[in-house]
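Asks: predicted model and sequence below, questions to follow.
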2 protein chains.
Amino acid sequence: MNDQRRNGQNEVAAGGRPTLKTIAFMTGLGVTTVSRALKDAPDIGEETKKRVQLVARQVGYRPNRAGVRLRTGKTNVISLVLNTDEQLMGFISDIIYGVSEELASSSYHLILTPYSSRNDPMDPIRYVVETHSADGIIISQTEPNDPRVRYLTEHRFPFATHGRTQTGIEHPWHDFDNHAFAMQAVRALVAKGRRRLALLAPSPKLTYYRHMSDGFAEGVEEQGCAAIPFRDAWVDMPVEQIKAAATALLRRSTPPDGLVSGSGAGAFALVAAIEERGLQLGRDIDIVTKQSTPLVQMFRPQILVVNEDFRLAGRELARAVRASIDGAVPASLQTLAVPDGVEAPRP
Amino acid sequence: MNDQRRNGQNEVAAGGRPTLKTIAFMTGLGVTTVSRALKDAPDIGEETKKRVQLVARQVGYRPNRAGVRLRTGKTNVISLVLNTDEQLMGFISDIIYGVSEELASSSYHLILTPYSSRNDPMDPIRYVVETHSADGIIISQTEPNDPRVRYLTEHRFPFATHGRTQTGIEHPWHDFDNHAFAMQAVRALVAKGRRRLALLAPSPKLTYYRHMSDGFAEGVEEQGCAAIPFRDAWVDMPVEQIKAAATALLRRSTPPDGLVSGSGAGAFALVAAIEERGLQLGRDIDIVTKQSTPLVQMFRPQILVVNEDFRLAGRELARAVRASIDGAVPASLQTLAVPDGVEAPRP
DNA sequence: AATGGAAACTGTAACGTTACAGTTTTTGAG
DNA sequence: CTCAAAAACTGTAACGTTACAGTTTCCATT
């Protein structure tokens, strides 16, 4: 606390952590030389570099982030912007873990920037850009005409999105091929003899709503079967509501005999509605669902699943922002995860 | 990039964000005065404070974090240390959201410090303390004799734990009363006429394993019914394994007629095993489970649930570290969430 | 009119780092 | 032997902030 003695030449940084000054004193070199030696600059002698690096390791030197940040403006931070109103979105933790995994081997720290739907989704974005509290941003829940993408592009602020946009802007993104998923799902259901299909899609304001809906429509067209509209239900609403909508759907005079669910949680609601109605999975009706954890599948082995790997998404997103920060061109930072195909029911 | 013109007096910070210097120039005051005026110091005139604060608002001044951090040593960051190997731990995102909520109104940023079980759980802790990359730490998965708690206490580094310890150290924590949960569960099952009970508990190395097991034992004793050991299965293992263990349990010559599950995911595995065996929930057997999302309950309305609020946990933990950083005594920063009681089956 | 002291304000230095513009030493070409 | 140039190294300043030690101004008291 009260560090009385001023150690003029600051030898070993009385008690505190070692700094460049500490190493400079120990090696008899200048602070600048030490700094440059540690970053392997070309104008420092080989022998000197070795010596400096050895001493740095011995004293456990770690550059002071505040010093670097103040001097260079680089924060070494990546911000993950999240909507904290999400219910039940368990996969968020997988994305976070994926991002963490990818950043672990780098000098980047991961910072979470939350926002609530009650506020403007632009708020957290503006905050990060204006205060420069990170070098790059990862955003999710991308919309076709996403103002965040426009803003970040205009401000030349590095970012990557989970999901594509239709802004016409070339930006870094990672996405799951929901078009392919829906088509595969339709084909798998038709292969099981199902002819009247319905899709539990994502919220219409998100970009991938179109992808999945289009894939579904294309599959139905290709297979020549019927598409039954699934009204007023999206994968990201509370499961009770999905269940209610599914119950209504099954009560129709001509109910579907095949369902496609855009999320694992949604599948639970569908199964619940189906069984409450006295129907039997695999006999009267079939479900193909996306899943990120084997929960549904373990529970109802008859269910058909397509796996979506959110950890991978996290890794790809982190990789993309990093490259973007390093100046890579956006077009080279777009990756699409292609689904493995529909997994057959378990024995 | 190449900012040629040196603006000696730095009026409005050529293009960049405003700093104290900017405001000093605009008000004709000294930088020190501006700094002190903004933090409402006693030796600045009222009139001056008003003027400075007005100008600061007008130009959108935000203190530069790197500057503050370098000068004062305060990072304004709180680190949440997470094990990224966790499978299926959807509630993690709720804790994160809770922490975020609590920090949103403060100057703190939330940073995630991940680690893998393949490494030493001490690594991330040491990293944060040694590099001082945060002012406080939140840790979870607390063990009875947790070395992290010892280390942080020895280093006088502010922290809060999700779960208690048996270290004898007074430290800030938040916990759910798992003892009470287990007792309530037993009573509810007995009230339904169940007499042979088994508990799906957490991993024995975690502190709350004892709490839950003891509560269960006490309830069984109180109600004078039988406890059947649930071997080799814990709530945090893959659901397939839990299901397998549950299946084995139900095959015993004297199977349980009442089950207590320490997690919502675990309950799914139990239901799966029960139904696969041809038993019917609510008729042949009952389950009481903790849940953080209404997934299980919506799916099987017969199930009895006790709610655990992880957002609340996140908020309490954030509050505790914050207070700890501000110098509050640990004993005043310990909160126990008492369960609301067993929720009756839905109609 | 002198003086003590409170109130209001300010300049300097320092936190740890790196860009820049040198300076010294060594090397080798002529 | 000179001298230019390359190699190796260094000091200063600055990033934005705040602690500290002043300094100035003004007013009440003697």
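Replies: Perfect, thanks for sending it.

Asks: same for the worst-scoring helix or strand of chain A on mean pLDDT, what does it pack against?
Replies: Least confident element among the helices and strands of chain A, by mean pLDDT, DSSP states H and E: helix A:295-299 (a mean of 80). Under the contact criterion of 3 or more Cβ pairs under 8 Å, 6 or more residues apart in numbering or on different chains; DSSP states H and E, helix A:295-299 touches helix A:264-276, helix B:239-250, helix B:264-276. Glycine gets a C-beta too; all of them are placed from N, C-alpha and C.

Asks: A:T48 looks like it's in a strand, true?
Replies: No: counting by DSSP: H, G, I helix; E, B strand; the rest coil, one finds A:T48 to be helix, located in no strand.

Asks: show me what contacts it?
Replies: With contacts taken as Cβ atoms under 8 Å, 6 or more residues apart in numbering or on different chains, A:T48 has the following neighbours: A:L29, A:T33, A:A37.

Asks: DNA strand C contacts on chain A?
Replies: Contact residues (Cβ under 7 Å from any atom of the strand) of chain A with DNA strand C: A:10, A:13, A:16-17, A:19-21, A:31-32, A:35, A:38-39, A:63-64, A:66-68, A:70-72.

Asks: which among those residues end up buried?
Replies: By neighbour count, with 16 or more other Cβ atoms under 10 Å in any protein chain shown, the residues of chain A next to DNA strand C hold A:T19, A:L20, A:S35, A:L38, A:P63, A:N64, A:A66, A:V68, A:L70 as buried.

Asks: now distance to chain B and secondary structure too, for the residues you listed, in a markdown table please.
Replies: Output for these, formatted as a markdown table (distance: Cβ to the nearest Cβ, whole Å; DSSP: H, G, I helix; E, B strand; the rest coil):
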| residue | distance to chain B | secondary structure |
| --- | --- | --- |
| A:T19 | 11 | coil |
| A:L20 | 14 | helix |
| A:S35 | 16 | helix |
| A:L38 | 16 | helix |
| A:P63 | 9 | coil |
| A:N64 | 7 | coil |
| A:A66 | 4 | helix |
| A:V68 | 8 | helix |
| A:L70 | 4 | helix |
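
Asks: of those, which are in range of DNA strand D?
Replies: Applying Cβ under 7 Å from any atom of the strand to these, one finds that A:L70 fall near DNA strand D.

Asks: check which helices and strands the helix or strand following the least confident helix or strand of chain A is in contact with.
Replies: Where DSSP states H and E defines the elements, the next helix or strand beyond helix A:295-299 is strand A:304-307. Strand A:304-307 is packed against helix A:178-191, strand A:286-291, with contacts defined by 3+ Cβ pairs under 8 Å, 6+ apart.

Asks: now the strands: where do they sit in the stretch 101-250 of chain A?
Replies: In the stretch 101-250 of chain A, the segments counted as strands under DSSP state E, counting those that start in this stretch are A:109-115, A:136-139, A:159-162, A:173-176, A:196-200, A:226-227.

Asks: please point out which parts of stretch A:240-253 sit buried.
Replies: Going by neighbour count (16+ other Cβ under 10 Å), the buried part of stretch A:240-253 is A:I242, A:K243, A:A245, A:A246, A:T247, A:L249, A:L250.

Asks: ok, residues contacting that stretch?
Replies: Looking at what lies outside stretch A:240-253 - Cβ under 8 Å, 6+ apart - the contacts are A:198, A:200, A:228, A:230-235, A:255-256, A:259, A:266, A:269-270, A:272-274, A:276-277, A:279, B:294, B:298.

Asks: are any of the residues you listed buried, and which?
Replies: Listed as buried from those are A:198, A:200, A:228, A:230, A:233-235, A:255-256, A:259, A:266, A:269-270, A:272-274, B:294, B:298; burial here means 16+ other Cβ under 10 Å.

Asks: tell me which residue of the stretch 101-250 of chain A lies closest to DNA strand C.
Replies: Among the residues of the stretch 101-250 of chain A, A:S107 lies nearest to DNA strand C; the distance is 10.5 Å by Cβ to the nearest atom of the strand.

Asks: ramachandran angles for the closest residue to that residue other than its chain neighbours?
Replies: On the basis of Cβ to Cβ, 6 or more residues apart in numbering or on different chains, the spatially nearest residue to A:S107 that is not a chain neighbour turns out to be A:N76, at 5.1 Å. Here is the backbone geometry of A:N76 (degrees, to the nearest 10): phi 60, psi 40.
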